[in-house]
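**Student:** model this:
(one chain, ligands or ions: 2)
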Amino acid sequence: MEDTLLGVSFRDADEFHSVENKKKMSSGIPLTDEDRYPWLMAIHNYMKDLHNEGKSGVVTCSALKKSYRQILLTGSDISTRDQKTNSDIESLVFVLLNGSKDIILSRMSQRLGHFMPSSLLESQLATLELPDNTERCIQVSIDNDVEGITDEIIKRISEITDS
Ligand SMILES: Nc1ncnc2c1ncn2[C@@H]1O[C@H](COP(=O)(O)OP(=O)(O)OP(=O)(O)O)[C@@H](O)[C@H]1O
Ligand SMILES: O=C(O)[C@H](O)[C@@H](O)[C@H](O)[C@H](O)CO
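**Tutor:** Numbering: from 1, shown residues only. Ligands and ions are numbered 1, 2, ... in the order given. Next comes the predicted model:
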C-alpha cells in the first residue's frame, strides 16, 4: 500500500502479526516477548529490504519496549541476547504518537472490526517504555486532528534529516 500524502510505501505492523497472535489479542490476552519476536523480525526485514532498495516508507507499530525498537533497528535476536548495536537501517526515525490514556481509549472505542479490544490498552501502557535520549525518536502529541499531527510529523522529521 502507498502512503498517498508522502508518496512512499505504507504498512501497518498488524499486517505482520501471525494468526495466533491476533487470536491471542482478540481473546484479551497480552502478547509476550516471545510472541512479538518473529513479528518484529518480519517488520525489520521488510524495512531493511526497503532501505536496501533505496526506498522510504512508513510503518505504524506499537514497538512498546526499547528492546523491540532495537530489533526493528538491528534485527538483533533477543532470544540469544545477541544484541547488535549497529543499526541496519541508519535512516530510521521513530515517531512516538503521544497522548493521554483517555484520548487513546476514546479513539480505540471508535474503531470498528479491529481485533484489538480496548481492554488491552492497560497492558499496552504498562509495557510501554518511553524512548530515552539514546534513541532517534521524535514525540508528537495526538491531541490534534489527523492533518495537524501529520504536518507536525513531516516538519519534525525534516528538521532531523536536514540537520
Ligand atoms: N487525530 C485523530 N483525531 C480523531 N480520531 C483519530 C485520530 N487519529 C486516529 N483516530 C481514530 O482513532 C482510531 C484508532 O486509530 P488508529 O487505528 O490509526 O490507531 P493506531 O495508533 O493505529 O492503533 P493501534 O496501534 O492499536 O493499531 C480510529 O478510529 C481512527 O479513525
Ligand atoms: O505488541 C502488541 O501488543 C501488538 O502489536 C499491539 O500493539 C497491537 O497489534 C496493536 O496495538 C493493534 O494495532
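
**Student:** could you count how many residues lie near Val146?
**Tutor:** 9 (other Cβ atoms under 10 Å). Every residue, glycine included, has its C-beta placed from N, CA and C.

**Student:** any idea how far it is from Lys24?
**Tutor:** Distance of Val146 to Lys24, computed by Cβ to Cβ, to the nearest Å: 30 Å.

**Student:** repeat for Glu15
**Tutor:** 17 Å.

**Student:** which of the two has more neighbours?
**Tutor:** Lys24 (17 against 12).

**Student:** can you tell me the closest non-neighbouring residue to the more buried one?
**Tutor:** Nearest residue to Lys24 in three dimensions, chain neighbours excluded: Leu31, at 6.2 Å (Cβ to Cβ, 6 or more residues apart in numbering).

**Student:** cool, Thr60 as well?
**Tutor:** In space, Thr60 is closest to Asp12, 5.1 Å off (Cβ to Cβ, 6+ apart).

**Student:** surely Ile104 is in contact with Glu122?
**Tutor:** No: contact criterion Cβ atoms under 8 Å: Ile104 and Glu122 do not qualify, at 10.8 Å.

**Student:** please say which of the two ends up with more neighbours.
**Tutor:** Of the pair Ile104 and Glu122, Ile104 is the one with more neighbours under other Cβ under 10 Å, namely 17 against 12.

**Student:** tell me which element the more buried one falls in.
**Tutor:** helix 101-108 (DSSP states H and E).

**Student:** got the buried residues for that helix?
**Tutor:** Residues of helix 101-108 classed as buried: Ile104, Met108 (neighbour count, 16 or more other Cβ atoms under 10 Å).
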